[in-house]
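A.B. asks: Build me a model from this:
(chains A, B, C and D)
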2 protein chains.
Amino acid sequence: MIFLEYSIGEFSKLTRLGIHTLRYYEHENLITPGRNSSNRRCYTDKDLAWIDFIKRLKDTGMPIKEIQHYAELRANGEATLSARMEMLISHRKALNEQITQLKEHMGKLDEKIEFYQRKIDNIARK
Amino acid sequence: MIFLEYSIGEFSKLTRLGIHTLRYYEHENLITPGRNSSNRRCYTDKDLAWIDFIKRLKDTGMPIKEIQHYAELRANGEATLSARMEMLISHRKALNEQITQLKEHMGKLDEKIEFYQRKIDNIARK
DNA sequence: TCTTGACATAGAGCTTACTCTACATTGTAT
DNA sequence: ATACAATGTAGAGTAAGCTCTATGTCAAGA
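C.D. replies: Now for the predicted structure:
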């Protein structure tokens, strides 16, 4: 098994996150890459999977502060497994509500669009 | 038919938007309530429906700038009906994609939760 | 050796969408 | 008449999440 390591530049391309953003995430303790002998960051494939998960949490509306908390638990190993799972379950609930809400908005939007369509048709028929 | 008018305080309660927010929205030309003889804002039921729609657009991720554009069209009357409809159709598409994306995230989140569950069970069985 | 480019840190600046402050004016109850 | 609560304007401040600048280090190619 080979462990690949990436410089911040490579990792930036892989994750499509800017270098500045990666350093910002590190500053916020979301991710803690290793360092080589010259103090350069060394990201691994594990970091890559982790960043993908962070993105998922972000895209589903979790604020950085909360991801930070999750990251902290993660850094503390197996003892925090159930705490992390609880966080995810609670987030799952929020996400479910979010989707329900958006679907409702979609329905109303469709009504509005139909309404417009009818109005435009009426004007055209004049 | 009676037209009710509301002061900013009343309207704030009806919409559950802060007074400051309502003034900010006016400043950004999202809404343009009338004024009475003493220069106080007079909101109507039409404004109420409009705010509800603004909220819907916001909650589905439309930025203020774009809502501003929509409001501008709206202020220009019937001539802009189809332009407005096009905006809504395009927004509908974005919303649809957003929902699809969130559902995908939900699936992955479920996988992760199951993974955690299995891990925790394994540890418990030891 | 010299230069160039990627990387390092610390901290400033930006964008969005509010939210609040300071201060003046007006409507209403006592 | 007077107090006080609601409203008005202008502009400052806040929070989140980046994004950029200034300055310095270091390894590798010409």
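A.B. asks: Pretty sure A:Arg23 sits against A:Gly9.
C.D. replies: No - using CB atoms under 8 Å, A:Arg23 makes no contact with A:Gly9, being 11.8 Å away. In this view, the C-beta of every residue, glycine as well, is placed from N, C-alpha and C.
A.B. asks: I'd like the distance between whichever residue of chain A sits closest to DNA strand C and A:Asp45.
C.D. replies: Per CB to the nearest atom of the strand, A:Gly9 is where chain A lies closest to DNA strand C, at 2.4 Å. In this structure, A:Gly9 and A:Asp45 are 16 Å apart, going by CB to CB, to the nearest Å.
A.B. asks: Which secondary structure state is assigned to the residue of chain A closest to DNA strand C?
C.D. replies: A:Gly9 carries the three-state label helix when classified by DSSP: H, G, I helix; E, B strand; the rest coil.
A.B. asks: Helices of chain A, residue ranges please.
C.D. replies: A:8-15, A:19-27, A:45-59, A:64-75, A:81-125 (DSSP state H).
A.B. asks: Show the contacting residues for the residue most central in space within chain A.
C.D. replies: When CA atoms, centre = their mean is applied to chain A, the residue found nearest the centroid is A:Lys55 (2.3 Å). Applying CB atoms under 8 Å, 6 or more residues apart in numbering or on different chains, we find A:Lys55 in contact with A:Thr15.
A.B. asks: Just give the number of residues close to the residue lying closest to the residue of chain A closest to DNA strand C once chain neighbours are set aside.
C.D. replies: With sequence-adjacent residues excluded and distances taken as CB to CB, 6 or more residues apart in numbering or on different chains, A:Gly9 is closest to A:Ile19, at 6.7 Å. Per other CB atoms under 10 Å in any protein chain shown, the neighbour tally for A:Ile19 reads 14.
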